[in-house]
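Asks: Predicted coordinates and the sequence they were generated for:
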There are 2 protein chains.
Amino acid sequence: MPRLTPFDVGEEKIDYDKLMREFGTQPISQVAKLPSAPAFKRGIVFSHRDFDKFLTAARTGKKVSILTGFNASGSIHLGHKQTFDTVIALQKELNVPVYIPITDDEAYVTGKIDSLEEGLKNARLIAAQMIALGFDMSKTRIFIHQLYPQIYNLGVKLSKKCTLSEIKAIYGFTDSTNAGLMFYPCMQAADIILPQDLLGKHIVLVPIGIDQDPHVRLARDLADRSGYVKPAAIHFKYFSGMSGGPKMSKSKPGSTIFLDEDPDKAAKYCMSAFTGGRATVEEQKRLGGEPDKCVVFEYLGAHFMDDKELKELESKCRGGKIMCGECKKLLASRCKQFLIDFQAKVKKAEKEVDKYLLK
Amino acid sequence: MPRLTPFDVGEEKIDYDKLMREFGTQPISQVAKLPSAPAFKRGIVFSHRDFDKFLTAARTGKKVSILTGFNASGSIHLGHKQTFDTVIALQKELNVPVYIPITDDEAYVTGKIDSLEEGLKNARLIAAQMIALGFDMSKTRIFIHQLYPQIYNLGVKLSKKCTLSEIKAIYGFTDSTNAGLMFYPCMQAADIILPQDLLGKHIVLVPIGIDQDPHVRLARDLADRSGYVKPAAIHFKYFSGMSGGPKMSKSKPGSTIFLDEDPDKAAKYCMSAFTGGRATVEEQKRLGGEPDKCVVFEYLGAHFMDDKELKELESKCRGGKIMCGECKKLLASRCKQFLIDFQAKVKKAEKEVDKYLLK
């Protein structure tokens, strides 16, 4: 398997057990009394660092917080939504403050956007999307790096505790890396540690894709070297792209559904999603479909069906009682309706962004 | 001669002609109609980049500015005062805005101070000292990095235009350099370019010790790559330490006079300064002293005498009409009185600092 870094996720299928061994994380199944969010039950959250300690602290009334950020390369998509929905469920169940850094500097130094102005525009859209997703905004604060440059002071404080060698080893950077990207991991560590500066020392939980774990490892080390509590993490499996692989990108229209997509176009993309269907209708009726290979099933389950409805669909599919076209139509119509409603909420939320920004 | 970088100045005597050849700067003597500040007449400013263009722009009513910064390792000393006095004279003669970055982050990542809190304390002292030195505060603004973290946004913008290789080559950094120090040159370039963001594009003059020229070279390159006007520079010779060499440091009491020094102690240090005196009084009377080798003469000329008085002293010294003890006493008494007056001004200025900070 190729090296996995936060800035370079390949097309290949991911071996999650191997990743846990390589990264030295723990399987989530070993944690007692998991929260009720679907991502835990369904194995989407598969691994963690110190999540047991975080849960115990939260459930015994100790101070905790959740930090879940986003780079400002553009709108969030359904894959991100799954993570944020889980955070929203955790926030509700455990009654914890959430901090959301939006890293326009990251999008710029990684080359995902061409200017910081573009980053700021994206960041404001993302902030509105976060509000529209349903975070409890009485307990949630967003900070956009360009508008909260104070984060640099904490980045500098931490940066003295790590060398170029260390950053190169973690991220696979070389001497031809630009200086901003090289420094950026210190800023990311600062994001993760910031809630401790704001609220006093405590365990900060970072829910992330496993590819982002290097950021958490560095933040844990730097926290330790600088007198902070080590942050905890839960790791999400990759959300599949519409064609089945883990790679989703703005530059490949239809590779997933971005939440600012035109609802009709999104419905079209749903109609050409990869399914677990058999070669012929006859085979499908005889053998049944394979929902565990099916992107349409994954998308429906993650966003548009509750457990009961999903179970019924699974059983119909395996029993050859429903054809792929029907499922695609269901996904297309629910997705379209969701986008229409969501985009209206975002439009409203755009006016409220400043109210919830750290400044 | 050893490699000269902004973070590593040796004890050795400096060969200024060789430095100009190595750095590719121009001798100041080639610039027509030099300003009237003593540092130009006396060869203290010996080299430049585009100073002729800066002067022409300033004298034809075009927008220009001066950028002169300081790292927050502690109080300024008489060597720095000479540079700032020259900037003040330039500001007066040419009627230009001056921007003064105080880089507490630099002092921290270079290891000159142990915490950013210490940096902020030093920065506020330095800001008060700047005001007390006599800048025209109606045209001068100070920015302390911790209190003006917006400068990070410009640092990030520039950082994408240079690689680790380039920074390593300019500064002599290695993979064991900490990440903050590695990024810091982008912040310094941002300081130098900031006036163009604030006032529109123009030539910014950076008056600096020649050891700081790498910062200017990088800023010139990054300005060029990012659509700004290249900054100009004038280069100052090293100010001698009290014992004659160029190395002055807080950790060597008496190696120079820091402007927050106890006035009586400072007077004592003056009494043990290196002079250009002969081995015996008889020889001194017969051969005369050597003012061009004499630190006491240098200090008196730079800070405590006008041209006329200095010329008279030189002639008395060369003629064997004045002994070193007398000159030392003169320096001690003038230095002591200056510090008493200056420190009173600083105390007053401390209350005004916030008024002049960029925020």
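Replies: Yes, it's here.

Asks: can you pull the contacts of the residue of chain A positioned farthest from its centre?
Replies: For chain A, the largest distance from the centre (Cα atoms, centre = their mean) belongs to residue A:282, which lies 38.9 Å off. Applying Cβ atoms under 8 Å, 6 or more residues apart in numbering or on different chains, we find residue A:282 in contact with no residue. Any C-beta I mention is one placed from the backbone N, CA and C, and that applies to glycine too.

Asks: before we move on, what about residue A:101?
Replies: Taking Cβ under 8 Å, 6+ apart as the test, what residue A:101 contacts is A:67, A:69, A:70, A:142, A:143, A:144, A:145, A:151, A:191, A:194.

Asks: Ok, residue A:194 next?
Replies: Per Cβ under 8 Å, 6+ apart, neighbours of residue A:194: A:67, A:99, A:101, A:143, A:151, A:154.

Asks: same thing with residue A:146?
Replies: By Cβ under 8 Å, 6+ apart, the neighbours of residue A:146 are A:104, A:105, A:116, A:119, A:120, A:123, B:153.

Asks: switch the cut-off to 7 Å
Replies: A:104, A:116, A:119, A:120, B:153 (Cβ atoms under 7 Å, 6 or more residues apart in numbering or on different chains).

Asks: Leaving out sequence neighbours, find the closest residue to residue A:32.
Replies: residue A:52 (7.2 Å; Cβ to Cβ, 6 or more residues apart in numbering or on different chains).

Asks: typo on my end, it should be residue A:352
Replies: residue A:131 (6.1 Å).

Asks: got the phi/psi numbers for residue A:96?
Replies: Note on residue A:96: backbone dihedrals following degrees, to the nearest 10 are phi -120, psi 150.

Asks: next one: residue A:195
Replies: Torsion angles, degrees, to the nearest 10, at residue A:195: phi -50, psi -30.

Asks: So the closest residue to it other than its chain neighbours, which state does it fall into?
Replies: The shortest distance from residue A:195 to any non-neighbouring residue, by Cβ to Cβ, 6+ apart, is to residue A:65 (4.3 Å). Under DSSP: H, G, I helix; E, B strand; the rest coil, residue A:65 falls in the strand class.

Asks: burial measure for residue A:65, as a count.
Replies: Neighbourhood size, residue A:65 [other Cβ atoms under 10 Å in any protein chain shown]: 23.

Asks: show me what contacts it?
Replies: By Cβ under 7 Å, 6+ apart, the neighbours of residue A:65 are A:96, A:97, A:98, A:99, A:195, A:199, A:202, A:204.

Asks: check which helix or strand covers residue A:216.
Replies: helix A:213-225 (DSSP states H and E).

Asks: same question for that helix, mean pLDDT?
Replies: Here helix A:213-225 scores 95 as its mean pLDDT.

Asks: which other residues reach it?
Replies: A:5-6, A:23, A:25, A:49, A:158, A:161-162, A:170-171, A:185, A:188-189, A:192-193, A:206, A:208, A:229-231, A:233, A:235.

Asks: Which strands or helices does the next helix or strand after that helix pack on?
Replies: Downstream of helix A:213-225, the first helix or strand assigned by DSSP H and E is strand A:232-236. Secondary-structure packing of strand A:232-236 (3 or more Cβ pairs under 7 Å, 6 or more residues apart in numbering or on different chains; DSSP states H and E): strand A:45-49, helix A:51-59, strand A:203-209, helix A:213-225.

Asks: next helix or strand past strand A:232-236?
Replies: Next along the chain from strand A:232-236, counting by DSSP H and E, comes helix A:263-271.

Asks: Please point out which parts of the helix or strand just after that next one sit buried.
Replies: Once helix A:263-271 ends, the next helix or strand along the chain (criterion: DSSP H and E) is helix A:281-287. Under the neighbour-count criterion of 16 or more other Cβ atoms under 10 Å in any protein chain shown, helix A:281-287 has residue A:284 buried.

Asks: Would you pull up how far helix A:281-287 lies from the middle of the chain?
Replies: 36 Å (Cα atoms, centre = their mean, to the nearest Å).

Asks: re earlier: residue A:14: which of the contacts of residue A:65 is nearest?
Replies: Taking Cβ to Cβ as the measure, residue A:14 sits nearest to residue A:204 out of these, at 25.7 Å.

Asks: what about that closest one, neighbour count?
Replies: Neighbours of residue A:204 (other Cβ under 10 Å): 30.

Asks: wait, what's in contact with it?
Replies: A:65, A:67, A:192, A:195, A:196, A:231.

Asks: If we ignore the residues flanking it in sequence, what's nearest it?
Replies: residue A:231 (4.4 Å).

Asks: My guess is the one you found contacts residue A:208. True?
Replies: No. Here residue A:231 lies out of contact with residue A:208, judged by Cβ atoms under 7 Å, at a distance of 10.5 Å.

Asks: between those two, who's got more neighbours?
Replies: Taking neighbours as other Cβ under 10 Å, residue A:231 and residue A:208 compare with residue A:231 leading, 26 against 20.

Asks: circling back to that earlier point, could you export the contacts of residue A:146 as CSV, including pLDDT?
Replies: Below are the contacts of residue A:146 laid out as CSV (pLDDT from 0 to 100):
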residue, pLDDT
A:104, 97
A:116, 96
A:119, 97
A:120, 97
B:153, 98
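
Asks: And the buried ones among those, selectable in PyMOL?
Replies: Selecting the buried subset of these in PyMOL, with 16+ other Cβ under 10 Å as the burial test, is done by:
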select buried, (chain A and resi 104+116+119+120) or (chain B and resi 153)
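
Asks: which ones among the contacts of residue A:146 are found in helices?
Replies: Residues of these located in helices (DSSP state H): A:104, A:116, A:119, A:120, B:153.

Asks: Next, format those as TSV and append distance to residue B:258.
Replies: TSV is the format used below for these (distance: Cβ to Cβ, whole Å):
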residue	distance to residue B:258
A:104	41
A:116	40
A:119	43
A:120	43
B:153	34
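
Asks: which of the residues in the helix or strand containing residue A:337 are buried?
Replies: Per DSSP H and E: residue A:337 is located in helix A:324-349. Within helix A:324-349, the residues that count as buried by 16+ other Cβ under 10 Å are A:324, A:327-328, A:330-332, A:334-336, A:338-339, A:342-343, A:346, A:349.

Asks: what do you get for stretch A:291-299?
Replies: Residues of stretch A:291-299 classed as buried: A:291, A:294, A:295, A:296, A:297, A:298, A:299 (neighbour count, 16+ other Cβ under 10 Å).

Asks: List the neighbours of stretch A:136-145 that are in contact with it.
Replies: Applying Cβ under 7 Å, 6+ apart, the set of residues contacting stretch A:136-145 is A:91-92, A:97-105, A:123, A:127, A:130-131, A:151, A:356-358.

Asks: My error: substitute stretch A:17-31 in the last question.
Replies: With Cβ under 7 Å, 6+ apart as the criterion, stretch A:17-31 contacts A:1, A:40, A:45-49, A:51-52, A:55, A:210, A:213, A:234-235.

Asks: By neighbours, which of the residues you listed wins?
Replies: Neighbour counts for the contacts of stretch A:17-31, by other Cβ under 10 Å, peak at residue A:234, which reaches 30 neighbours.

Asks: Surely that one and residue A:50 touch.
Replies: No. Using Cβ under 7 Å, residue A:234 is not in contact with residue A:50, being 9.7 Å away.

Asks: Quick one: neighbours of residue A:67, just the number.
Replies: 24.

Asks: Specify the beta-bridge partners of it.
Replies: residue A:99 (DSSP bridges).

Asks: got the contact list for it?
Replies: A:99, A:191, A:192, A:195, A:204, A:206.

Asks: I'd like to know how far residue A:348 sits from chain B.
Replies: For residue A:348, the distance to chain B equals 29 Å [Cβ to the nearest Cβ, to the nearest Å].

Asks: Okay, the closest residue to that residue other than its chain neighbours and chain B: tell me how far apart.
Replies: The shortest distance from residue A:348 to any non-neighbouring residue, by Cβ to Cβ, 6+ apart, is to residue A:132 (7.6 Å). The gap separating residue A:132 from chain B is 27 Å, by Cβ to the nearest Cβ.
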